[in-house]
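Engineer: sharing a model that was predicted from the sequence below.
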Amino acid sequence: MSTAQETATQIVVTEPAAKRTLTVPMIGNLLLLAALLIAPIFVKNFVVFQFTMILIYAIAILSLNILTGVSGQVSLGHSAFFAAGAYGAGILMEHANVPYPLAILAAGVICFAIGFLFGLPALRLKGVYLALATFALAVAAPPLLKLGTFEHWTGGVQGLLVTKPDPAFGLPISQDRWMYYVTLAITLVIYLLSVNLLNSRSGRAFMAIRDNEIAASSMGINLALYKTLAFGISAGLTGIAGALGAITVAFVAPDAYTFNFAIALFLGMVIGGVGWLPGSLAGAAFIVYVPNIAEGISKGLSGAVFGVFIIAMIFLLPNGARQLVDLTYNQIRKLIR
């Protein structure tokens, strides 16, 4: 048996263990879901808005995890896909009077097409070269959105106002709470679909490509198809997150989607645990709350304090939130026994 075939066999044998790393125990999922459903009832609208943004960033981080953590393709340009989804939904809603559910779906489809097409030339790139190509995408997106050619649609430098929808069915809740529950429902659907995807044949192909492209090719996996498919799916989910973000904030502007935002998403993936989908929520909470905490400690040195938080996380929890959850779960099992 050749070396490539032996490696491929090892990938297949260890695949059930990989499945177990994608989720958390059912009791943990149920407790988290209950907390997400109940928490907005007892807090102010601004806190609900923050919760909604955490869910939106969690979708974007999850999509980045599918591309980088699962299929092994490093991307530093997901802010561009987020911007495309935000502007796509905003333009459809404000200029074409498209209902917001259809606008969100359309944003995902548009970004899937953009990601799939971008993935074709990116097939020749790996590692830092692919990262640089996606970096160029992130840097180019804001100036393109400011061009006068598109100003009628995008609002140019001033941005575009997006109408926040009223609660459906005449429910007596605020717009912020309605958008929270809409976002929560979409997040749950995306999470379940993502877990099923990664437990499917396509998900196993993604992981095989990540682990060893030569071995994956020898097993009959179409590298070009699955690598571009991973790019398309990741971009499509990020586009949905961008559309939800535009509707929640009720405004889109080019400077909101700079390279710094792409780095924040990448940081959220690392903090949550690379390749661990539930960690997307923890990573999103980190990039929403920790900068505010750092600014509260020292306004003049907030960046330095934030950097200290990141370094501490890397040293204490090198595997991110996944490591903390595993330690907690093991301790609980020991206490029960």
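Structural biologist: Thanks, I have it.
Engineer: could you measure from Phe42 over to Ile27?
Structural biologist: Per CB to CB, to the nearest Å, Phe42 is found 23 Å from Ile27. Placement of C-beta: from N, CA and C, glycine included.
Engineer: so for the two, which sits in the more crowded spot?
Structural biologist: Ile27 (10 against 7; other CB atoms under 10 Å).
Engineer: ranges for the strands of this structure?
Structural biologist: Listed in chain order, the strands found in the chain under DSSP state E are 160-161, 251-252.
Engineer: can you tell which of those is closest to Tyr129?
Structural biologist: Evaluated with CB to CB, these place strand 251-252 nearest to Tyr129, the distance being 30.8 Å.
Engineer: return the list of strands paired to the closest one, each annotated with direction.
Structural biologist: strand 160-161 (antiparallel) (DSSP bridges).
Engineer: from the chain's centroid, how far away is the partner strand?
Structural biologist: On the basis of CA atoms, centre = their mean, to the nearest Å, strand 160-161 sits 23 Å off its chain's mean C-alpha point.
Engineer: likewise stretch 141-148?
Structural biologist: On CA atoms, centre = their mean, the centre of stretch 141-148 falls 23 Å from that of its chain.
Engineer: for stretch 150-164, same thing?
Structural biologist: Distance, centroid of stretch 150-164 to centroid of chain: 24 Å (CA atoms, centre = their mean).
Engineer: CA-only coordinates of that stretch in CSV, if you can.
Structural biologist: Written as CSV, here are the backbone C-alpha positions of stretch 150-164 (Å, rounded to 0.1, in the frame of the first residue of the first chain):
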residue,chain,number,x,y,z
PHE,A,150,-22.4,52.8,-7.6
GLU,A,151,-23.4,55.8,-5.4
HIS,A,152,-27.0,55.7,-6.5
TRP,A,153,-27.3,52.2,-5.2
THR,A,154,-24.8,52.1,-2.3
GLY,A,155,-25.0,55.6,-1.0
GLY,A,156,-21.3,56.0,-1.6
VAL,A,157,-19.3,57.3,1.4
GLN,A,158,-22.4,58.2,3.3
GLY,A,159,-23.8,54.7,3.3
LEU,A,160,-27.3,53.4,2.9
LEU,A,161,-30.2,53.5,5.4
VAL,A,162,-32.0,50.2,5.8
THR,A,163,-35.6,50.0,7.2
LYS,A,164,-35.8,47.8,10.2
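Engineer: what are the buried residues along it?
Structural biologist: By 16 or more other CB atoms under 10 Å, the buried positions in stretch 150-164 come out as 154-156, 159-160, 162, 164.
Engineer: cool, stretch 318-329 as well?
Structural biologist: 319-322, 324-325.
Engineer: ok, Gly156 - contacts?
Structural biologist: The neighbourhood of Gly156, defined by CB atoms under 8 Å, 6 or more residues apart in numbering, consists of 146-148, 150.
Engineer: and which of the buried residues of stretch 318-329 is nearest to Val270?
Structural biologist: Looking across the buried residues of stretch 318-329 and measuring by CB to CB, the closest to Val270 is Gly320, at 6.1 Å.
Engineer: what sits against that closest one?
Structural biologist: Gly320 neighbours (CB under 8 Å, 6+ apart): 270-274, 276, 279, 282-283, 313.
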